[in-house]
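In: Let's see this in three dimensions:
(2 chains)
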Amino acid sequence: MTLSINSRMLIAASIVLFGFLGLTGLTGLTLERSYYANSEESFKERLPVHLNTLIASAELDEAGGIRLVYALPEARFFIEQSGLYAKIIANNGSVVWSSPSMKGMTIPVFTGLERGVSRYQYLATSTAEPVLVYNLGMTWGDKQQFNEGYTFVVAESLERFNQLQLEFQQSLWAWLAGVTLVLLLMLTLILRWGLAPLRKVAEDLRDIENGRHLRLHGNYPKELRGLTENLNALIRTSAEQEERYQASLGDLAHSLKTPLSVLRGAVEGSQPSAKSLQSSIEEQVERMDQIVQYQLQRAATSGRTALMAPVDLNTITQKITKALNKVYADKGVVCRVEVEAGLVFRCQEGDLMELLGNLLDNAYKWAERQVELKVRSDSPDASTELGLIIEIADDGPGIYPEDLDTVLARGGRLDSQISGHGLGLAMVQDIVELYSGKLRILQAELGGAQIKLWLPFS
Amino acid sequence: MRVLIVEDEAELRQQLQQRFKDEGYAVDVAADGEEGLYLAREYPVDIAVVDIGLPKLSGIELLQQLRSSGKSFPVLLLTARGRWQDKVDGLDAGADDYLVKPFHIEELVARVKALLRRAAGLSRAEIVFGPISLNTSAQQLLLDGVSLELTAYEYKVLEYLMMNAGKVISKVDLTDHIYDQDFDRDSNVIEVFVGRLRRKLDPDNSLQPIETLRGRGYRFSLRQDGE
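Out: Below is the predicted model:
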């Protein structure tokens, strides 16, 4: 199954897109994680600073309790539920101090840490506020027992932090989605733009089918130009072929009318004798046969068309002379063939075969013993371009100058006394004209006729 | 001589059959390629006239199958298309000659005779062995320049023997090549023809042109002039 270009592009683009999406996803996740890690790190670093301020302002009183001697610089400790909280808990269980911001709420904090031990905890307050808690175990002076120690607690609300994370995530993914969309759009546009010439060809072809245009027109990119130019040539050739068929058909119908009228006249004439009727029929049948043959062959001759493969002259001449040697075996004709090595000609093989077959058949028919065929590439004179030169000569009686017109006329025949078709040269003349070539009839050195023709290579 | 005609157009087939019968040939006819192939394999055909455009098996395919199965008798192709491509293809497939329709039956007969002569290694219509001269075109026998009358079957036997001069021809062979397929084979008739030919060609029994090889058949044993 052959995939359409559209499907191929779509599949390829989808693969690229999925790859890109995968990469984007990975990139997004990585960015998200590292941003989170960074934010968390700096968030965590802030808590010990607050804690240190708290420790610095706390002092042991005479009763063995703790009191704050300096005011805390951070105002949020004093605003109710501001999001920054602090607490000092004695390791025996009693709360020594808690910041005014904690009014009306508790943090289920673990009490009692050994001296110097600190820890972070993610917890929720009694008001369901998520907080990050930092605890540190402390003792004063010579009171080194656990029971005599205190645990300092600082907690900060994670709401703002979480909010920032969410905002970052949202804008990150929005960006990535936006870029993907733009990419998709660009890909679609590129595809449309890239495939536009092909769509134009398809549209032009539809126009030709519908009869709106006769050929593909417009400027095509150079990758397509070979295709479109050949298509145009093909369209032109097939139109010409069509015209030739029409013309042949018309000619055929018209030219058959004359012999038919003669026959009708002969039958309806006043008491025709059987003998005269027979000869009349014979003559007109012969004429009709020639007309049919000529028109059939003419219609089948294609001439120079687009995309013609080169025909190897050596092979084709060998085939024809082999066939003719068989047919004329009794006559013992010797055919000398000289074909330039590796010579090729771009044409319909059938046309060249028709041309060489007719000419060589005539030569074999008329020859006493010798036929000569020479094929080479050359130009007949300095002003003419390079082409195929074919010379066919025989040692037969030759053609009289006064008969030349008859020989080349449609269906003209000098050889009615020898079996066969008198159409040969007229057919050849037609093919030569189709290939814009030239044909000349000369006196051969061998004694008979020499047909010399030139067919330009392009 | 036995000719096989393979032509699908009934009218033309019949015209050809009649014409070749009149010329003294044993004629087999087939209306399509498969029947033609069957007849060509079953009967000792000397020459075949085959139309290219046949139902079931085309003339070219029939020809290719005949040649690949070793049948080497001459074949003349009839073609409705005068294109050289077709002619070359036909001759390349193993045909010996072609004729484009419509044709004159005389021309076809003349070409068939020429092909038969060529197959027998003769270049002219006249076969000459010493005083005996047979003109296959005019179907005339001359002995020392004097014309001799032959019946149609005497001529057929003599022509076949002379065209195959030097070879041993059995009575069955002779019967096969001279009579149509529906003939009741009685080899005594051949003996009678040979006897009559001997009396006409060699009244004083000095030339002995036709040898009898007991149990094997006959042989035309004179040497051709110039050999």
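
In: going forward, measure contacts between C-alpha atoms and count neighbours the same way
Out: Noted.

In: Please state the offset of stretch B:152-162 from the chain centre?
Out: In terms of C-alpha atoms, centre = their mean, to the nearest Å, the centre of stretch B:152-162 is set 11 Å apart from its chain centre.

In: cool, and stretch A:251-266?
Out: On C-alpha atoms, centre = their mean, the centre of stretch A:251-266 falls 56 Å from that of its chain.

In: got a list of contacts for that stretch?
Out: A:Pro272, A:Leu277, A:Ser280, A:Ile281, A:Gln284, A:Val285, A:Arg287, A:Met288, A:Ile291, A:Val292, A:Gln295 (C-alpha atoms under 8 Å, 6 or more residues apart in numbering or on different chains).

In: for chain A, where's the lowest mean pLDDT among helices and strands?
Out: helix A:404-408 (a mean of 66; mean pLDDT, DSSP states H and E).

In: Could you point out the helix or strand that follows it?
Out: Once helix A:404-408 ends, the next helix or strand along the chain (criterion: DSSP states H and E) is helix A:424-434.

In: elements contacting that next one?
Out: helix A:274-300, helix A:349-366, helix A:404-408, strand A:438-443 (3 or more C-alpha pairs under 8 Å, 6 or more residues apart in numbering or on different chains; DSSP states H and E).

In: Excluding chain neighbours, what is closest to A:Ser57?
Out: In space, and not counting its chain neighbours, A:Ser57 is closest to A:Tyr70: 4.7 Å by C-alpha to C-alpha, 6 or more residues apart in numbering or on different chains.

In: Can you tell me which of the contacts of stretch A:251-266 is nearest chain B?
Out: A:Val285 (9.1 Å; C-alpha to the nearest C-alpha).

In: before we move on, back to that, reformat the contacts of stretch A:251-266 as JSON lines; add pLDDT and neighbour count.
Out: Listed next are the contacts of stretch A:251-266 as JSON lines, based on pLDDT from 0 to 100; neighbours: other C-alpha atoms under 10 Å in any protein chain shown:
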{"residue": "A:Pro272", "pLDDT": "67", "neighbour count": "13"}
{"residue": "A:Leu277", "pLDDT": "82", "neighbour count": "16"}
{"residue": "A:Ser280", "pLDDT": "82", "neighbour count": "17"}
{"residue": "A:Ile281", "pLDDT": "85", "neighbour count": "19"}
{"residue": "A:Gln284", "pLDDT": "84", "neighbour count": "19"}
{"residue": "A:Val285", "pLDDT": "86", "neighbour count": "16"}
{"residue": "A:Arg287", "pLDDT": "82", "neighbour count": "17"}
{"residue": "A:Met288", "pLDDT": "85", "neighbour count": "18"}
{"residue": "A:Ile291", "pLDDT": "81", "neighbour count": "21"}
{"residue": "A:Val292", "pLDDT": "83", "neighbour count": "19"}
{"residue": "A:Gln295", "pLDDT": "78", "neighbour count": "24"}
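
In: ok, now which ones touch A:Ala382?
Out: Contacts of A:Ala382 (C-alpha under 8 Å, 6+ apart): none.

In: hang on, the residue nearest to A:Ser57 packs against A:Ile55?
Out: No - using C-alpha atoms under 8 Å, A:Tyr70 is not in contact with A:Ile55; the gap is 10.1 Å.

In: who's more crowded, the two?
Out: A:Ile55 (15 against 12; other C-alpha atoms under 10 Å in any protein chain shown).

In: Using the three-state scheme, assign that one.
Out: Counting by DSSP: H, G, I helix; E, B strand; the rest coil, the backbone at A:Ile55 sits in helix.

In: Count the neighbours of A:Gly141 for me.
Out: A:Gly141, neighbours per other C-alpha under 10 Å, totals 6.

In: Quick check, A:Pro100 in contact with A:Phe77.
Out: Yes - the pair A:Pro100 / A:Phe77 is scored as a contact, 6.3 Å apart, by C-alpha under 8 Å.
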